[in-house]
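> I would like to see how this sequence folds:
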Amino acid sequence: MANSQGARAGRAIKAGQNSWIDQELDESVFQDARLGRRLRALLAPFAQAPGQSIPLVCQDWANTKAAYRFLSNERVTEADILAAVTAP
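Numbering: from 1, shown residues only. Coordinates of the predicted model:
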């Protein structure tokens, strides 16, 4: 019984987190829609562990490499990311 309650609570947190991410990035526009999806995917684990390093948050080499690849992509600028997060 406790496990099912914990699982429901975990789903509620993730659902709330996804709605927060969706709300923050609602007006984001990237040159490629895949970049917007990648930013959404990156924000979820970072929201769970604010202030932690990228390798710690990503938990494995593939996800860490994907995060660094996204952040070093020439088609993604700091202004693009900030515009997505700070849009009114």
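
> element containing the nearest residue to Ile81 once chain neighbours are set aside?
Counting by Cβ to Cβ, 6 or more residues apart in numbering, Ile81 lies nearest to Leu39, which is 6.7 Å off, once chain neighbours are set aside. No exception for glycine: its C-beta is placed from N, CA and C like everyone else's. Following DSSP states H and E, one finds Leu39 within helix 33-48.

> and that helix, what does it pack against?
helix 2-24, helix 54-58, helix 61-71, helix 78-86 (3 or more Cβ pairs under 8 Å, 6 or more residues apart in numbering; DSSP states H and E).

> ok, residues contacting the shortest one?
The reference is to helix 54-58. 45-46, 48-49, 64, 66-68 (Cβ atoms under 8 Å, 6 or more residues apart in numbering).

> what is the burial count for the closest residue to Asp22 other than its chain neighbours?
Sequence neighbours aside, Arg40 is the residue nearest to Asp22 in space, at 7.7 Å (criterion: Cβ to Cβ, 6+ apart). By the criterion of other Cβ atoms under 10 Å, Arg40 has 16 neighbours.

> nice, that's everything, thank you.
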